[in-house]
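Student: sequence plus the predicted model coming up.
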Amino acid sequence: MEDTKNKFPPRFNIPPGVGMDPVQGSKAITRHGHSGFLGMEYVGHGEDWFELALPWREDLVGVEETGVLASGPIISLLDNCTSMSVWARRGEFQPQVTLDLRIDYVRAATPGKTIIARAECYQLRRSMAFVRGIAHDGELTDPVAHAAGIFMLVEASGWMKA
Amino acid sequence: MDESVTSPEEGTPLPADHPLHLPPYARAMGMEIDRIEDGVPVIGMDYTERAVGRPGYLHGGAIGGMLEMAAFTALRAELDRTGAAMRIKPVNISIEYLRGGVDHRTYAMGRVTRAGRRVANVRVEAWQADRDKPVASCWMNFLLAPKAE
């Protein structure tokens, strides 16, 4: 069996400041905690963008009569995806926290369909990263949600608890 | 207080059209109606692995989902109080993350700023041990449409 433990310790415990492989990094992050529970999956990335998927699941539904996914998981997906777009742009894993996140729900997600988030870090400053993104269920040009947010780049100490 | 927005009996499932009913996502995350304050439901959620983002802290999306649920239930309780049979659709949300959410129970409570004929505006705060130190707040807008009979 492949020893992934030393290569990439689980539970997001990536030493801050080290280079980051976005594929392995996102896989490690989406395996645990809230992202793991929701079932987020890596789709793709580029120099300043990231894509994650969230398959539809019955226990994530927000409207029982229709089977429409709750908006909470879409917030989580866009939060993760925008966050990872910053790491993609920085080319390394650095501690950051969400300062604010605004989401417009353009239309209801189609029940049963996987939600794809695509996010971009469109501006990177010394203390802040500006991000935007959309969530869609198959057609990039027909999004279900639109997001804009800011991450604060913070000190490593105290950023996470062992 | 209106009978329909009193605290549910423990373990009693509420019908889907009850103003305090929580959808599958909220129940899966462990959200519940903690109590009713001045006719407004307070959502409570214990800190569990399901809600964790970076180690030791709540995920921003879990906090966001809780804020939304508090906004929904506050609005439903308000519409129930005024007798307006409306369908509610979320339009948008803007979240401010104020502090890291730590290993504590989290609460969220919404206040309906305005519920008009077509749009409702709600503000929500979430807090943990100290209510004067909120972990997050948001405003949220909803589209209202008369329920089809």
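Tutor: Structure's in. What do you need? All values derive from a computational prediction rather than experimental measurement.

Student: is A:Ser76 in a helix, a strand, or coil?
Tutor: Here A:Ser76 takes the helix state, with states given by DSSP: H, G, I helix; E, B strand; the rest coil.

Student: mind listing what the spatially closest residue to it that is not a sequence neighbour touches?
Tutor: Nearest residue to A:Ser76, sequence neighbours excluded (Cβ to Cβ, 6 or more residues apart in numbering or on different chains): B:Gly61, at 2.4 Å. Bear in mind the C-beta positions are built from the backbone N, C-alpha and C, glycine included. Contact analysis of B:Gly61 by Cβ atoms under 8 Å, 6 or more residues apart in numbering or on different chains lists A:His34, A:Leu38, A:Gly72, A:Pro73, A:Ile75, A:Ser76, A:Leu77, A:Leu78, A:Asp79, A:Asn80, B:Gly53.

Student: quick one: stretch A:28-40 to chain centroid distance?
Tutor: Counting by Cα atoms, centre = their mean, to the nearest Å, stretch A:28-40 is centred 10 Å from the centre of its parent chain.

Student: before we move on, the earlier item: buried subset of the contacts of B:Gly61 as a PyMOL selection?
Tutor: To isolate the buried members of these in PyMOL, using 16 or more other Cβ atoms under 10 Å in any protein chain shown:
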select buried, (chain A and resi 34+38+72+73+75+76+77+78+79+80) or (chain B and resi 53)
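
Student: turn the contacts of B:Gly61 into CSV, columns for pLDDT and distance to B:Thr113.
Tutor: Putting the contacts of B:Gly61 into CSV (pLDDT from 0 to 100; distance: Cβ to Cβ, whole Å) gives the following:
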residue, pLDDT, distance to B:Thr113
A:His34, 96, 29
A:Leu38, 97, 30
A:Gly72, 96, 22
A:Pro73, 97, 26
A:Ile75, 97, 21
A:Ser76, 97, 26
A:Leu77, 97, 28
A:Leu78, 98, 25
A:Asp79, 97, 25
A:Asn80, 96, 30
B:Gly53, 93, 29
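
Student: please produce TSV containing the contacts of B:Gly61, extended by distance to B:Phe72.
Tutor: Putting the contacts of B:Gly61 into TSV (distance: Cβ to Cβ, whole Å) gives the following:
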residue	distance to B:Phe72
A:His34	20
A:Leu38	19
A:Gly72	10
A:Pro73	15
A:Ile75	13
A:Ser76	17
A:Leu77	19
A:Leu78	19
A:Asp79	19
A:Asn80	23
B:Gly53	22
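
Student: show me which of the contacts of B:Gly61 is closest to B:Ala77.
Tutor: Distances from the contacts of B:Gly61 to B:Ala77 were compared by Cβ to Cβ; the smallest belongs to A:Gly72, at 19.1 Å.

Student: quick check, the closest one in a helix?
Tutor: Yes: the assignment for A:Gly72, made by three-state DSSP, places it in a helix.

Student: assign the closest residue to it other than its chain neighbours to helix, strand or coil.
Tutor: Distance criterion Cβ to Cβ, 6+ apart; nearest residue to A:Gly72, sequence neighbours excluded, is B:Gly65 at 2.5 Å. When the structure is reduced to helix, strand and coil (three-state DSSP), B:Gly65 reads as helix.
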